[in-house]
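S.K.: missing the sequence, but the structure's below:
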């Protein structure tokens, strides 16, 4: 088996469930009242409230450890979840069971890129909520073991200068990753085709920290029909990452920010060679009449700027030389329904059975450690 | 070269531009006045009118034969196009230049699946317009050489019983293919998850004719941002075919219609193995809580029911055993901007350089002849 026991396994896409007091512990007075907090409903459910709005899913898709035959609805109480969903010590114990060294977690209640705070009417409070989440993630969740739970932060997306400041503040205290939206325009923010984000991207370049763009952070999902079963959407999730990749490749972003690094999270990788070929063909034949860069092919930009990750993707492993072995990272997706935990390592070993030892080590953890500049104990 | 000169090349996705009198020649009185006809504008453009509505693009993307540096806008007059766009004898001459034996054409003004007639206020007239198009395609366009220009028809989509009758009428007079929408719901029609289309699909099964679902026939297109350049959309066109495939695989359609055959047109093929793997994983782990078939994996349904085609798709050829060599057809896309004409055969030969002779013959034309039951002279 090329995935030897001594090879470090690092997941670049996990999810933590915020415990009930994350914001209450860090906000005071009216802020604590209006900020996110958990209430009990008549039905015995626990739900988040924020500025009077109700957010029923305490742990989006926190199904890990359950029989797939029992899936379907999110847990409605913390005591229905595996403690590793919200308790960092338990998370490490869960990692140990599966031979996982480290995992970087996206938030849950704030949504994967913190876009819930775009809905905040009181933007001073919203900023405090973003900061409270980041402080919780760094000082409490990751502090349990900073090497094994490298912190990933969210940003006050409604104000690009605030994004710069929160980025700098959190990196100074240890942030290793940044969750950023796969596409800002559907959220009512300027698109990647504007110059709006330039000050932020410049700050990101200077710090040299990758932006993790999780599927769904644009607030859109692949739609076929109102009455299509949920399976349709689940199978098509990667289309959001495809759109994000092509949108960026034909935008001015990488031409203005030659050191920017993007990780597409939970979109898979097996589609990348097809789509890069298609993007290059589009560039080769259709660029002349369009306001896009005329010199650099999309596949060249991809090689410099974009990384991908997978849970299970036989096609992607098979096509690894077309993607670039160094561009492929692994994800556990703990505790969501796509996760293979507690059999992640076993399944990854099977998936990597035909690759070389060096490639297996890179895909399992080496590429992640390099991209996010992680220490691996 | 595996693509030998004696191997038959058949395109399953071309486009014809209707000449100005297609409907005027076949409608009378008020119908001729209200049906589609060409008018000249003050600017010297030729545009279609239909029931008083204006449809400016006479030949969507009819750019073949022009330097890509001059692309960008559709021709505004017939005399700005290659005559092979609208003249079947010229089309055959254009085919000869490129070593193409046969090509099946979608319509232009009616849109690829005739959805323009869904907009008709007078549905009696709309039905006559659908019939007029089909009569034109069979009796005029294809009659020039039925083997080399096999007819593909459109349907009165607003009425499923009329669809059955028009299908039967046109097959009786020689139709070899049927253009059908990749997704009906965005057009205001019942989705594939209803039983609405069952009488039509049953008729299709009985006749044993494939349905060609062209990219874009749902009236939707991949969207990233309002200000994204057109290149973004062009590179992402395949996403519509991905959505159509998954929507069908998780619908009741193939379970109710075990002999139904679908061709996904202009969506490429290189993404199919990734998406089938993803759909199978979704089925394996997520089916239990969903109202979907619990017994047959999506990849098994694909093998029985879905075909794909490509213009240029190195990844798809490389992955041909994962797709199924017999599921892969070729398309020229004449006269659209994706077409490689007059270098199609040369480029296809290069693309097939590493495949066996048998596989090359099947992909170039054998699979198309079998699926559409074409005679190849």
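M.R.: Perfect, I can see it now. Please read these numbers as outputs of a predicted model, since none were measured by experiment.

S.K.: show residues contacting the biggest helix by length in chain A.
M.R.: For chain A, the longest helix by residue count, based on DSSP state H, is helix A:272-286. Helix A:272-286 is contacted from outside by A:242, A:245-246, A:249-250, A:292, A:297-299, A:302, A:308, A:316, A:319, A:322-323, B:68, B:71, B:230-231, B:234-235, B:237-238, B:268, B:270-271, B:274, B:312-316, B:337-338, using CB atoms under 8 Å, 6 or more residues apart in numbering or on different chains. (Glycine included, C-beta is placed from N, CA and C.)

S.K.: so how far is residue A:90 from the residue nearest the centre of chain A?
M.R.: Centroid-nearest residue in chain A: residue A:214, 3.8 Å away (criterion: CA atoms, centre = their mean). Using CB to CB, to the nearest Å, we find residue A:214 at a distance of 23 Å from residue A:90.

S.K.: and whichever strand or helix holds residue A:48, what does it pack against?
M.R.: If you go by DSSP states H and E, residue A:48 is part of strand A:46-50. On a contact count with 3 or more CB pairs under 8 Å, 6 or more residues apart in numbering or on different chains; DSSP states H and E, strand A:46-50 meets strand A:37-40, strand A:53-55.

S.K.: do that again at 10 Å, thanks
M.R.: Strand A:46-50 makes packing contacts with helix A:30-34, strand A:37-40, strand A:53-55, helix A:123-135 when contacts are defined by 3 or more CB pairs under 10 Å, 6 or more residues apart in numbering or on different chains; DSSP states H and E.

S.K.: now the longest one: buried residues?
M.R.: When neighbours are counted by 16 or more other CB atoms under 10 Å in any protein chain shown, the buried residues of helix A:123-135 are found to be A:125, A:126, A:127, A:128, A:129, A:130, A:131, A:132, A:133, A:134, A:135.

S.K.: could you give the angle of that helix to strand A:46-50?
M.R.: Going by axes from the mean of the first three to the mean of the last three CA atoms, to 10 degrees, helix A:123-135 is angled at 130 degrees with respect to strand A:46-50.

S.K.: now helix A:123-135: how far from the chain's centre is it?
M.R.: 19 Å (CA atoms, centre = their mean, to the nearest Å).

S.K.: next SSE downstream of that helix?
M.R.: That would be, after helix A:123-135 and using DSSP H and E, strand A:152-153.

S.K.: how much space separates residue A:366 from chain B?
M.R.: 24 Å (CB to the nearest CB, to the nearest Å).

S.K.: swap that for residue A:36, sorry
M.R.: The value you get for residue A:36 to chain B, if CB to the nearest CB is used, is 28 Å.

S.K.: how many neighbours does that residue have?
M.R.: When neighbours are counted by other CB atoms under 10 Å in any protein chain shown, residue A:36 registers 25.

S.K.: and if you look at residue A:321?
M.R.: By other CB under 10 Å, the burial measure for residue A:321, its neighbour count, is 9.

S.K.: what does the one 10 residues further on give?
M.R.: Residues lying near residue A:331 (other CB under 10 Å) number 24.

S.K.: hmm, it is touching residue A:364, no?
M.R.: No. Taking CB atoms under 10 Å as the definition, residue A:331 is not a contact partner of residue A:364, at 11.2 Å.

S.K.: for the helices and strands packed on strand A:46-50, which one sits closest to residue B:350?
M.R.: Closest approach to residue B:350 among the helices and strands packed on strand A:46-50 (CB to CB): helix A:123-135, 52.6 Å.

S.K.: run the chain-centre distance for the longest helix of chain A.
M.R.: With CA atoms, centre = their mean, you get 26 Å for helix A:272-286.
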